[in-house]
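S.K.: This is the structure alone, sequence omitted:
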């Protein structure tokens, strides 16, 4: 009885580490909870994909408005690049915070889901 209890506990700890350190949902796979695992994996991957698309869109908009002038000449001066980078940072922080908080929420929910299985 003690050995099976230790195996169950070590599998639970392994699942917790997988979800906490690798990706939400991996721990649920370890515990054979496939529907929940796919939910957490899909939700986190969708948010990560949206973050990458948002980064691309913001960067593209800033480059086209701040670095390219009327004659379609790219302003690669130090001031022009510094100004564009500052605009990207400001927009990225303000527009991506909800997405990052959502990703953090999914990560914590995946960990909490495993903790509540015991």
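M.R.: Yep, that arrived. As the structure is a prediction and not an experimental result, all values here were calculated from the model. Numbers count the residues shown, from 1 in each chain.

S.K.: Now for residue 100: which residues touch it?
M.R.: residue 51 (CB atoms under 8 Å, 6 or more residues apart in numbering). Quick note: C-beta positions are derived from backbone N, CA and C, even for glycine.

S.K.: Give me the phi and psi for it.
M.R.: phi -70, psi -40 (degrees, to the nearest 10).

S.K.: gap between it and residue 30?
M.R.: Per CB to CB, to the nearest Å, residue 100 is found 26 Å from residue 30.

S.K.: now do residue 60
M.R.: 40 Å.

S.K.: Which of those two has more residues huddled nearby?
M.R.: Higher neighbour count among residue 60 and residue 30: residue 30, with 18 against 10, using other CB atoms under 10 Å.

S.K.: excluding its backbone neighbours, what's nearest that one?
M.R.: residue 15 (4.0 Å; CB to CB, 6 or more residues apart in numbering).

S.K.: host element of the one you found?
M.R.: helix 2-21 (DSSP states H and E).

S.K.: model confidence over that helix, on average?
M.R.: Mean pLDDT, helix 2-21: 80.

S.K.: And stretch 79-93, by the same measure?
M.R.: 78.

S.K.: all helices of this protein, in order?
M.R.: 2-21, 26-30, 34-62, 78-115 (DSSP state H).

S.K.: Please identify the deepest-packed of those.
M.R.: Scoring those by mean neighbour count under mean count of other CB atoms under 10 Å gives helix 26-30 as the most buried, with a mean of 22.

S.K.: what's the model's confidence in that one, averaged?
M.R.: Computed over helix 26-30, the average pLDDT equals 91.

S.K.: Pull the residues that contact that helix.
M.R.: 11, 14-20, 34, 36-37, 40-41, 110-111, 113-114.

S.K.: can we see that at 7 Å?
M.R.: Identification of contacts with helix 26-30 by CB atoms under 7 Å, 6 or more residues apart in numbering yields 11, 14, 15, 16, 18, 19, 36, 37, 40, 110, 113, 114.
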